[in-house]
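> Generate a structure from the sequence data that follows.
(chains A and B)
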There are 2 protein chains.
Amino acid sequence: LEVNDLSGLQRFVYDQPAGEMARAISRLTDEERSQLINILPAECGAYLVEELSVEQASDLLAEVSPAKAAEMVDPLPSDAQTDLISRLDDDEAEAILRELDPDDAYEVRRLASYEPDTAGGLMAAEYLAFFQTMSVREVVDDLRTNASEYQEYDVQYVYIIGKSGELRGVVRLRDLVLTPGDERIDTIMIRNPTFVRDQDDLSTLEQFFDAQFFQAAPVIDEHERLVGVVRRAAVEEAIGEASSKAMLRIGGIIAGEETRSMPAWSRALRRLAFLAPNIVLNLVAASVVAFYEPTIKRVTALAIFLPILSDMSGCSGNQAVAVSMRELALGLVKPNEVLRTLWKEVMVGLLNGMILGTALGLVAYAMRGEQFAWIGLVVGAALAANTVISVAIGGSVPLLLKRIKMDPAMASGPILTTITDLCGFFFALYLATLFLPPLPPD
Amino acid sequence: LEVNDLSGLQRFVYDQPAGEMARAISRLTDEERSQLINILPAECGAYLVEELSVEQASDLLAEVSPAKAAEMVDPLPSDAQTDLISRLDDDEAEAILRELDPDDAYEVRRLASYEPDTAGGLMAAEYLAFFQTMSVREVVDDLRTNASEYQEYDVQYVYIIGKSGELRGVVRLRDLVLTPGDERIDTIMIRNPTFVRDQDDLSTLEQFFDAQFFQAAPVIDEHERLVGVVRRAAVEEAIGEASSKAMLRIGGIIAGEETRSMPAWSRALRRLAFLAPNIVLNLVAASVVAFYEPTIKRVTALAIFLPILSDMSGCSGNQAVAVSMRELALGLVKPNEVLRTLWKEVMVGLLNGMILGTALGLVAYAMRGEQFAWIGLVVGAALAANTVISVAIGGSVPLLLKRIKMDPAMASGPILTTITDLCGFFFALYLATLFLPPLPPD
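The predicted structure is shown next:
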């Protein structure tokens, strides 16, 4: 990327597929990025802002003057404008709002007043609403007259409102095309239309769009007045963002937004935020091992099997977590059915515990010979018991987390691993200590 | 659920939210489910099929006569019909196709001939295409005349084709509303419309819809002829299904479709398919420990730290996997940038390795006192070295998997855990053996 050739640079920006552009910009230093966006004309910057992810786009906006930033976000619909501007510092946001068209700025302020992951926070202010007393022809005429303005809207439906703005019905665009024009518009509208409320949260919206095929839904306030339109795509984007953060959290990236263009020490710190507590939890589990050190001294074979116990129990537990999360997602289980889940998991845990325990026991026996046959029994029994405990915890904790409105994915986290490790180590070492023949006299 | 009261039962079916229905049906025995669907009228069955997930719906279809199954899928669009019918046995599918309306059956056979996760496999045959020589008025008149038939279509766009069916342009419905009728339809069409090819795979489609705001895209064959329309929703559903399977695979549920209404032994078997190879891999890693058993005999404290080494290295590796998967998903990294990724990960690995290694070393030192200070050094150095290895493997393997077109999520799997365990155990035990003072003479 050379900055001497401005028109070549512009052509480069327009020609790149969106993905390539995102990658190229993520590789620039902060300084290069600032230089690039300041040298590009606002129109080209607007194109960039539209193509990039919200994080990258808002970084770019922070680099330019408020006037240029306002020009760059001007072509976007109000929900995208709000999303971008509300990510900036208050001062920067205020400066850009002052440069925006006053109507646009008013809408952005109104939308920004809602919580981010609610219908109000996700809705757009661009929608078409007509009073129910108008005729189909009047509506179609208005649509034709203001065609160029409405072109910017993402129109699929026309909303019909009563005198004080309350939502009365919905007309699909195709019905406008397919219907002759003399009737009153409310004769072709769908009455009692489905809607969402401005305070509805993301999971309510997700259920709504799962159950409906609509591309967008009207949003009403507490007085039943139409205040915006939330698009399916906006909801899906928000869900995708939330679930990609959940995936990262499972992987132990809590802050959630690491990219490899960040400096190494800042990335290391983010990861340590997860690893540091984890090492403490590990030490807690290891304290059981330390307590039984005299037993290990006499039966060193146990040291071979402790990591296996830990890993296998963790895997069994994670399987149960995965099944619970899928059943929750498909609605096949309710968060309050913990007892049923426990019962179902314990059945599988008993079967797998017996099979795996027997297998591990036989391996231990084969390695140690008859004299230490009891070691096979001990590690086998410990694995069997701990498998039951792991699946019971792994299966039920996602339901409990869902009940207290937390992310069920957190169940695959280190606290549960610690508990199953603790139990597994204890079973194996306690049993081994019981079986130990008394110390021979020196 | 009582089957005596048929009309009560029907009302029950219609009144339940979709999620409740799915849950209720998943709790029935096979026999009860068969009884239920056979007693319900076809219309009510059709409603059920539309509301349930594809898996549950195709299970229901397998339970009824081909004629009733055909009646149940009749109201669905062709892509949903194909999806359902292609899940059945060949014989059952053929029987239902013979009962279907011949045009519908022809479309289903045509769609089923494509690979499932391609544009051809996901597209619907219901779309509106008009020759470019028609006038806007003719098109609108046709739309009005056939309104009732087209109502079933999920129409957002009208496609304009040339003489032999090749795609020429797209007209948005709203432009039909907003344009007077005397012009030729190709004057208001968008020329050189975006399209996808029938052989395009899911990741190509995902990129396409990420970069575009369209709700649907025309699908063309190798002769540039329009052969169908793929809806954004269909692509998103397929992606969601694929990623929910990936989530389950991460959790070690390979078969992917366990629900707790299955019998316990079959669920246990599915899970064992993952756990059994895992226990073998664990034994491989444990063989390093077994090899150094004499060292452990003399320094039992090592047994305390081996599980910690294993767990911490696994966590560090998974963090790197999570960051790589996110960067791949956002297009911030290309699959062939393995060296760059390795370099970036090793930097973080060195930092975190030093910090975590020092911490663990100090803990070991505190537990053991000065006489065994070298144990702290050994476990600290082993954790530091193994952190570097884990993040290097965790960060690069998703890219390599993506390059050979495999699921990058598999990188968090047991094979990598085994490798990092092997290295970690080896470092700690080899170093400890080096540091061991010579055996005192007996």
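
> CA only for contacts and neighbour counts going forward, please
Will do.

> Distance check, residue A:215 against residue B:232.
Using C-alpha to C-alpha, to the nearest Å, one obtains 10 Å as the distance from residue A:215 to residue B:232.

> Let me see the ranges of the strands in the stretch 51-200 of chain A.
Secondary structure of the stretch 51-200 of chain A by DSSP state E, counting those that start in this stretch: the strands cover A:129-131, A:157-161, A:167-172, A:190-191, A:196-197.

> just to revisit the earlier point, which of residue A:215 and residue B:232 has more residues huddled nearby?
residue B:232 (22 against 15; other C-alpha atoms under 10 Å in any protein chain shown).

> Quick check, that one in contact with residue B:209.
Yes - checked against C-alpha atoms under 8 Å, the pair residue B:232 and residue B:209 is within contact range at 6.7 Å.

> Tell me what residue A:217 is bridged to.
On the basis of DSSP bridges, residue A:217 is bridged to residue A:230.

> Number of residues surrounding residue A:91?
Other residues within reach of residue A:91 by the criterion other C-alpha under 10 Å amount to 9.

> Residue A:279 sits in which helix or strand?
Of the helices and strands defined by DSSP states H and E, residue A:279 is found in helix A:264-291.

> avg pLDDT for that helix?
Over the span of helix A:264-291, the pLDDT mean works out to 86.

> Can it be said to contact chain B?
Yes - judged by C-alpha under 8 Å from any C-alpha of the partner chain, helix A:264-291 comes into contact with chain B at A:264-265, A:267-268, A:271-272, A:275-276, A:278-279, A:282-283, A:286-287, A:289-290.

> What ranges in the stretch 1-150 of chain A fall below the confidence cut-off?
Counting by pLDDT under 70, the stretch 1-150 of chain A has low-confidence residues at A:1-5, A:17-19, A:148.

> Break down it into its helices, ranges please.
For the stretch 1-150 of chain A, applying DSSP state H, counting those that start in this stretch gives helices covering A:6-15, A:18-26, A:30-39, A:42-51, A:54-61, A:66-73, A:78-85, A:90-99, A:102-112, A:119-122, A:136-145, A:147-150.

> I'd like the ones you listed laid out as JSON lines, including distance to chain B.
Converted to JSON lines, the helices of the stretch 1-150 of chain A look like this (distance: least, C-alpha to the nearest C-alpha, whole Å):
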{"stretch": "helix A:6-15", "distance to chain B": "13"}
{"stretch": "helix A:18-26", "distance to chain B": "4"}
{"stretch": "helix A:30-39", "distance to chain B": "15"}
{"stretch": "helix A:42-51", "distance to chain B": "7"}
{"stretch": "helix A:54-61", "distance to chain B": "11"}
{"stretch": "helix A:66-73", "distance to chain B": "17"}
{"stretch": "helix A:78-85", "distance to chain B": "13"}
{"stretch": "helix A:90-99", "distance to chain B": "26"}
{"stretch": "helix A:102-112", "distance to chain B": "21"}
{"stretch": "helix A:119-122", "distance to chain B": "16"}
{"stretch": "helix A:136-145", "distance to chain B": "4"}
{"stretch": "helix A:147-150", "distance to chain B": "6"}
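
> Put together a markdown table for those helices, with distance to residue A:307 on each row.
Shown next, in a markdown table, are the helices of the stretch 1-150 of chain A (distance: least, C-alpha to C-alpha, whole Å):
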| stretch | distance to residue A:307 |
| --- | --- |
| helix A:6-15 | 53 |
| helix A:18-26 | 40 |
| helix A:30-39 | 45 |
| helix A:42-51 | 48 |
| helix A:54-61 | 41 |
| helix A:66-73 | 55 |
| helix A:78-85 | 47 |
| helix A:90-99 | 51 |
| helix A:102-112 | 51 |
| helix A:119-122 | 47 |
| helix A:136-145 | 70 |
| helix A:147-150 | 65 |
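
> ranking the ones you listed by burial, who's on top?
Burial of those is given as mean neighbour count (mean count of other C-alpha atoms under 10 Å in any protein chain shown); helix A:119-122 ranks first at a mean of 28.
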